[in-house]
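Undergrad: need a 3D model of the sequence below.
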Amino acid sequence: MDIEEIRAHLDRLDTCLVYILAERMSYIPKVAEYKLQNNLPRYQPEREKQIIDGKRKLAEDLKINPDLVEDLLRRIIQDSHRIEKDIIGE
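TA: The predicted structure is shown next:
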């Protein structure tokens, strides 16, 4: 495999990551509406910890840097909070 083929695979995977992220983010307004309708707090630190801890473990199992995975998830969660705040307030 030459460098162009490797880069083509990486580009395809990066594109997949963006599509997956877009799909994930499309659920955030639904989560916010559910929280609003059911009088649930916008910020739920125990859920955040559950997500991060679980995905750190998965990263370790897959032999990838768990700090990288946590950093990515924290950025995603931070933007999710922004979207929820626009819908719920606070």
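
Undergrad: tell me the buried residues in the helix or strand where Thr15 lies?
TA: Per DSSP states H and E: Thr15 is located in helix 3-26. By 16 or more other Cβ atoms under 10 Å, helix 3-26 has no buried positions at all. The C-beta positions use only the backbone N, C-alpha and C, and glycine is treated the same way.

Undergrad: by contact count, what packs against that helix?
TA: On a contact count with 3 or more Cβ pairs under 8 Å, 6 or more residues apart in numbering; DSSP states H and E, helix 3-26 meets helix 66-88.

Undergrad: what's in contact with the helix it packs on?
TA: Applying Cβ atoms under 8 Å, 6 or more residues apart in numbering, the contact partners of helix 66-88 are 21, 24-25, 28-29, 31-33, 35-36, 42-43, 48, 51-52, 55-60.

Undergrad: switch the cut-off to 10 Å
TA: Under the contact criterion Cβ atoms under 10 Å, 6 or more residues apart in numbering, helix 66-88 has outside partners 17, 21, 24-25, 27-33, 35-36, 40-43, 47-48, 51-60, 62, 65, 90.

Undergrad: what's the ChimeraX line that selects buried ones from those?
TA: Applied in ChimeraX, the following selects the buried portion of these according to 16+ other Cβ under 10 Å:
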select :28,31,32,35,52,56,59
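
Undergrad: so which of the contacts of helix 66-88 are in strands?
TA: Among the contacts of helix 66-88, DSSP state E puts none in strands.
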